[in-house]
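Q: okay, predicted coordinates and the sequence, questions at the end:
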Amino acid sequence: MKREFTPAAERVLAEASHWSNRDGCDELTAPALILGLLAENECRAAIVLGERGIGQQEVCRRWPGLTRGKSAAGVRLSAEVEAALAAACVRLGALPRPLLLATEHLLLGLAAAEHDSSLWLRQHGLNPDVLEEQIYLQSGCSRDPLPFEEATEGASVGSALCGVPDPGSDASYESRNATEGAAYRGFPQPSPPSAPIPCNAENDAATRGPADSACNLTSSSREEIRVLRVLDASGNRAREGLRVVEDYVRFVLDDRHLTEQLKRLRHDLAGLLDRLSLDQRLRARETESDVGTSLWTPAERRRESAAAVLTANFTRLQEALRSLEEFGKIIDADLAAGIQQLRYRCYTLQRGVELTRASLVRLQHARLYVLLDGGPDEKSLAALARGLIDARVHVLQLRDKQLDQRRLLDRLGMLRELTAGTDTLLVVNDRADLAALARADGVHVGQEDLSVKEARSIVGPQALVGVSTHSVEQARQAVLDGASYLGVGPTFPSGTKAFVDFPGVELLRAVAAEIRLPAFAIGGISAGNVDQVLAAGFRRIAVSGAITHAPDPVAAARELLARLEANRP
């Protein structure tokens, strides 16, 4: 049978023909077709695949025998690709003819067929029924409706909303779902409700007349519509709010790490909403008669800043998730549980995003961070600190493992008096208890010290909590843990602290590429190598010996400050 394709689909097939198995087979396989779709990165199919976390790396990991080479002339379609095309044509039978197969049609066929590639796609959340529904909606065509009024008296709201058989019927839930829901194999299915909801409670049919049955059926249908409207509206609000938050993090914060976290949350939300029938949600939707569309307050019509937009939409997202969770319990316990976990993840991400934003404001001028030990005596330390404060060093950290607790607290109290009322912040290394006693601006902890949670419980919500990180993974986790800033390194060998490994400027580049939480490069940095740090994308440094061991510490500090200010973006 001759099939016709759109130009984009033809490009996909051409790209797919470059991929072959190592066994020398010259047929175009389904995994190769998936790679072809991904290569057409602006097409709808590639966008859908990306939203499900499917990329070239994931496909090649699943089918390691795939290799890319020259396109072979006259490549034949494999049986599984032929089956996918046939499945797409069957499902799209109501579209106008002649049918031009587009990229989304190819993806639909791949997800709807019955072979390993199809199962893998469905396991990643690609529901062929949802894909088909979206294609019909985009085309403006409709298929035969799925009327609510045909639900039987004994059907539960859950089974009607999700498009699954009534678990109370003679056939078991599992057996009917296996035969009638073949298109859903490989997808998580809603758990069968343990009992019908009250509006569908079973009564003795012998005690009811026809009028009573009709009345109860009408009540059941109304309940279904109302629950659907709540779920539809809450799902839309959650996705819209999440997109606004993601746009803020992506374009305002320019934070790749948090953007990826939010994108993953959005994909997981979409996967859970796929458990609800889009067709029935749309049929229940009544925007024009919704009483809420005409209700608004003056505050909703105006936002004072981008930060206000962020906060409002995080709130909107969390409220919508709660509503989805509560009404979802009526029809699908697994859906409700999944939404609950998303809500908890949302709280964690809000902390990471809001703390990144707040820390960027609080530390916007902080470029030079100097670590001091207790000095030979308090007088020497005070003289050095005064000079650095006068030079406008942005942060001083007291770090001394040798002094006893009493003398360390005395030194700290003296530094607090000197920095009070100035633009220089005071941080204590490791000792959150002493930081709290001296009312320092914050505490800095290492990977083996107190956790961010533990440190913050001691110093309070307003204090800075910095974290030393030695890998991108540790930096990412520190952001999610609620750190106020990062120390990243060691960059170069240091004369004040010994390290076994030196991740170097490569780590700086990696962190600068994806994390916007304020981060200070640390480890052996001096005027002689600071240009390498700047070239790696860092504009903040933490130093010790480069200043404290210099013949003129104040002059050394001013030189580094000048270099940093000259490279301010």
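A: On my side now, so go ahead. Numbers count the residues shown, from 1 in each chain.
Q: buried residues of the longest helix anywhere in the chain, list them for me.
A: Longest helix in the chain, counting residues (DSSP state H): helix 210-247. By neighbour count with 16 or more other Cβ atoms under 10 Å, helix 210-247 contains the buried residues 216-217, 220-221, 223-225, 227-235, 237-239, 241-242, 244-247. The C-beta positions use only the backbone N, C-alpha and C, and glycine is treated the same way.
Q: which residue packs closest to residue 314, ignoring adjacent ones?
A: Take residue 314 and drop its neighbours on the chain: the residue closest to it by Cβ to Cβ, 6 or more residues apart in numbering is residue 350, 4.8 Å away.
Q: how many neighbours does the one you found have?
A: 17 (other Cβ atoms under 10 Å).
Q: what kind of secondary structure is it in?
A: Of the three states, residue 350 takes helix according to DSSP: H, G, I helix; E, B strand; the rest coil.
Q: residue contacts, residue 465?
A: 442, 443, 444, 445, 452, 455, 456, 459, 482, 483, 484 (Cβ atoms under 8 Å, 6 or more residues apart in numbering).
Q: among those, which are located in helices?
A: 452, 455, 456, 459.
Q: closest to residue 18 among those residues?
A: Set against residue 18, the nearest of those by Cβ to Cβ is residue 452 (47.8 Å).
Q: correct me, but the closest one touches residue 479?
A: No - counting by Cβ atoms under 8 Å, residue 452 sits too far from residue 479 to count as a contact (10.0 Å).
Q: by neighbours, which of the ones in helices among the contacts of residue 465 wins?
A: residue 455 (27 neighbours).
Q: contacting residues around that one?
A: Residue 455 neighbours (Cβ under 8 Å, 6+ apart): 432, 443, 445, 449, 465.
Q: would you turn these into TSV with distance to residue 104 and pLDDT?
A: Putting those into TSV (distance: Cβ to Cβ, whole Å; pLDDT from 0 to 100) gives the following:
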residue	distance to residue 104	pLDDT
432	54	97
443	53	98
445	50	97
449	52	91
465	47	98
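Q: select, from these, the two members most distant in space.
A: Across those (Cβ to Cβ), the longest gap, 10.9 Å, separates 449 and 465.
Q: all helices for the stretch 201-350 of the chain, in order.
A: For the stretch 201-350 of the chain, the helices defined by DSSP state H, counting those that start in this stretch cover 210-247, 256-273, 278-284, 306-331, 333-362.
Q: still on that earlier bit, so which of the contacts of residue 455 belong to strands?
A: Among those, DSSP state E puts 443, 445, 465 in strands.
Q: so who does the first one touch?
A: By Cβ under 8 Å, 6+ apart, residue 443 lies in contact with 427-432, 435, 455, 458-459, 463-466.
Q: could you rerun that using 6 Å?
A: Residue 443 makes contacts with 428, 432, 435, 455, 459, as judged by Cβ atoms under 6 Å, 6 or more residues apart in numbering.
Q: for these, work out which two are farthest apart.
A: For these, the farthest-apart pair by Cβ to Cβ is 428 and 455; their separation is 10.3 Å.
Q: if we can go back for a sec, go ahead and confirm the residue nearest to residue 314 touches residue 313.
A: No - contact status for residue 350 versus residue 313: not in contact, 10.2 Å apart, counting by Cβ atoms under 6 Å.
Q: so where's the protein uncertain?
A: 1, 22-25, 71-74, 141-220, 289, 291-300, 495-500, 569 (pLDDT under 70).
Q: map the structural domains onto the sequence of it.
A: Recorded structural domains for the chain (assignment: automatic domain parsing) are 4-139, 214-291+298-359, 364-566.
Q: measure the first one end to end?
A: Read that as domain 4-139. 17 Å (Cα to Cα, to the nearest Å).
Q: mind checking how far that domain is from the chain centre?
A: Per Cα atoms, centre = their mean, to the nearest Å, the displacement of domain 4-139 from the mean C-alpha position of its chain is 26 Å.
Q: ok, the last one next?
A: Centroid separation between domain 364-566 and its chain, computed with Cα atoms, centre = their mean, is 30 Å.
Q: if we can go back for a sec, and which of the contacts of residue 465 is nearest residue 137?
A: residue 482 (41.4 Å).
Q: residue contacts, residue 255?
A: With Cβ under 6 Å, 6+ apart, residue 255 has these contacts: 249, 516.
Q: secondary structure class of residue 520, three-state.
A: Put simply, residue 520 is strand when judged by three-state DSSP.
Q: and for it, the neighbour number?
A: For residue 520, the neighbour count with other Cβ under 10 Å is 27.
Q: mind listing the residues bridging to it?
A: For residue 520, the beta-bridge partners are residue 487 (DSSP bridges).
Q: gap between it and residue 244?
A: To residue 244, residue 520 is 31 Å away according to Cβ to Cβ, to the nearest Å.
Q: the strands in the chain, which residues?
A: 4-5, 19-21, 27-28, 66-68, 76-77, 100-101, 368-372, 395-398, 425-429, 442-445, 464-469, 485-488, 519-522, 541-543.
Q: nearest to residue 568, of these?
A: With Cβ to Cβ as the criterion, residue 568 lies closest to strand 368-372 of those, at 12.0 Å.
Q: now the angle from that closest one to strand 425-429?
A: 50 degrees (axes from the mean of the first three to the mean of the last three Cα atoms, to 10 degrees).
Q: burial of residue 8, as a residue count?
A: 18.
Q: and it, what does it touch?
A: 40, 43, 103.
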